[in-house]
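*Asks:* only geometry, no sequence info:
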Ligand SMILES: *Cc1c(COP(=O)(O)O)cnc(C)c1O
């Protein structure tokens, strides 16, 4: 199948999942994860009407973003080291992967210095896996008051990569935990956290049923990396 056909199929499945869960389609944005694919391949998705993309490495963003249409929206979804923050903020519109308090505070400082106020999400290591970055639910509870006072970043929500499971249905419990954590933080701190970045090729429908507003789909659109 072509990239255009894949995109049409994924959009159809996003619509169906919204319909099943009584949600409005406009609440869910599809982020096409173009990592590892060259600009010419990514362009096929642009030609098919896709305008939001995700990358997990600065270098790939530097290769593709400047040579592609300037009205595309780019989301940084990968692990982020301090020394790359300034360049990532200069290129990408949204950062999903702020995964510890020091990095959040550092990013706020860089944003201040750059005179910008980027949208960011806090990554939650909901399964508390050693191999993954992210705040544990408890760390987020502890740190959130401090984070919510930062003035140079706009924290719009939470992002997660749940533990690998044998079938998508088994991911539901993790998505539910992240959604509940979001609700809890919103109530406690009287702020709005509208975005939940959850769901990839294998499990985006379940994620939508559990409240995801940003699904990050790579393989099912662009092919196997
Ligand atoms: C690669 C990646 C995705 C997309 O995964 P697919 O299984 O190819 O859809 C989503 N989120 C993150 C953080 C990724 O690194």
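*Replies:* Noted; the coordinates are in hand. Just so it is clear, the model here is predicted, and its values are computed rather than measured.

*Asks:* what about the helices in the chain?
*Replies:* For the chain, the helices defined by DSSP state H cover 3-20, 39-47, 58-64, 85-91, 101-114, 137-148, 172-189, 204-209, 219-222.

*Asks:* Which strands and helices lie in contact with the third one?
*Replies:* Contact analysis of helix 58-64 by 3 or more Cβ pairs under 8 Å, 6 or more residues apart in numbering; DSSP states H and E lists helix 39-47, strand 73-76, helix 85-91 as its packing neighbours. (Each C-beta comes from the backbone N, C-alpha and C, glycine too.)

*Asks:* Show residues contacting stretch 45-57.
*Replies:* Identification of contacts with stretch 45-57 by Cβ atoms under 8 Å, 6 or more residues apart in numbering yields 3-4, 7-8, 29-35, 42, 61, 64, 68-69, 71-79, 92, 96, 216, 218, 221-222.

*Asks:* Just the buried ones out of those, please.
*Replies:* Taking 16 or more other Cβ atoms under 10 Å as the criterion, what is buried in the contacts of stretch 45-57 is 3, 7, 29-35, 42, 61, 64, 68, 72, 74-78, 92, 96, 216, 218, 221-222.

*Asks:* and this structure, which residues reach the ligand?
*Replies:* 33, 35, 56, 77, 161, 200-202, 216-220 (Cβ under 6 Å from any ligand atom).

*Asks:* Among the residues you listed, which lie within strands?
*Replies:* 33, 216, 217 (DSSP state E).

*Asks:* any chance of those in CSV, plus distance to residue 140?
*Replies:* Formatted as CSV, these follow (distance: Cβ to Cβ, whole Å):
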residue, distance to residue 140
33, 24
216, 20
217, 25
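
*Asks:* Any chance of CSV for those residues, columns pLDDT?
*Replies:* Formatted as CSV, these follow (pLDDT from 0 to 100):
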residue, pLDDT
33, 98
216, 98
217, 98
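
*Asks:* just the helices of the chain: most buried one?
*Replies:* helix 204-209 (a mean of 24; mean count of other Cβ atoms under 10 Å).

*Asks:* Now it: average pLDDT?
*Replies:* Averaged over helix 204-209, pLDDT sits at 98.

*Asks:* Appreciated, that's everything.
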